[in-house]
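Colleague: The sequence and its predicted three-dimensional model are supplied below.
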Amino acid sequence: MMASVVLKVAGLSRCARHRVLSVAHSSTSTSLRSAAAAAEGGGGGSVPVPGRLWSLGRLNHVAIAVPDLEKATALYRDVLGARVSERVALPEHGVYTVFVELGNTKLELLHPLGEKSPIAGFLQKNKAGGMHHICMEVDDITAAIADLKVRNIRTLSPEPRIGAHGKLVMFLHPKDCDGVLVELEEA
């Protein structure tokens, strides 16, 4: 049994491995098997971790970089029948955004605002666009950032910034999260 748990832990992402080790280390009554299940999201919802000052919440949105914002908006609104927001310029992030409302989460359509936009660089490499990042909520972004930095998870800026929803956000380096750019947003 121990070998299968070790293999299961080894197959988890770096972010999940940190969580497994944290759970296993902080609670002697928690087995590695249940820690691995918690790190993978087993049981649904946020799983409180003993000794941790913050917890991971729900998926807030999946962001998609698009080369033509009007065309992408029309696809989701007119073809797929989704409710979409108005286009909003976020010059401090170098993007225009449109949110597509879904029953359980949102899609964020991203389009470059200015030549120095990080989305412009993404679209140069991915001409047709594509998934840019995922955003998950945390209950205490300051505690989350401090904890993740101790665990050698890099952030893309020294301090959190105000995001598209008017809340504090922080991006985690994709090399530390299995190639996925992860945005944390304070709930």
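Modeller: Done, it's in. Fair warning: this is a prediction, and the values are worked out from it, not measured in the lab.

Colleague: CA atoms for contacts and neighbours, from now on please.
Modeller: OK.

Colleague: Strands of this structure, start to end?
Modeller: Counting by DSSP state E, the chain has these strands, from start to end: 56-65, 83-84, 88-90, 95-101, 106-112, 130-138, 161-162, 168-172, 182-186.

Colleague: Direction-wise, compare the fifth one with strand 130-138 and give the angle.
Modeller: Per axes from the mean of the first three to the mean of the last three C-alpha atoms, to 10 degrees, the angle that strand 106-112 makes with strand 130-138 is 130 degrees.

Colleague: who touches strand 106-112?
Modeller: 60-69, 72-73, 94-101, 118-120 (C-alpha atoms under 8 Å, 6 or more residues apart in numbering).

Colleague: Return a ChimeraX selection command for the buried portion of those.
Modeller: Those of the contacts of strand 106-112 that count as buried under 16 or more other C-alpha atoms under 10 Å are selected in ChimeraX with:
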select :60,61,62,63,64,65,66,67,69,72,73,94,95,96,97,98,99,100,101,119,120
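
Colleague: What count of nearby residues applies to Ala146?
Modeller: As a burial measure, Ala146 scores 11 neighbours (other C-alpha atoms under 10 Å).

Colleague: ok, now His132?
Modeller: By other C-alpha under 10 Å, 19 other residues sit near His132.

Colleague: With the one 10 residues further on instead?
Modeller: The burial metric for Thr142, expressed as a neighbour count using other C-alpha under 10 Å, is 17.

Colleague: and if you look at Lys167?
Modeller: Lys167 has 12 neighbouring residues, counting by other C-alpha under 10 Å.
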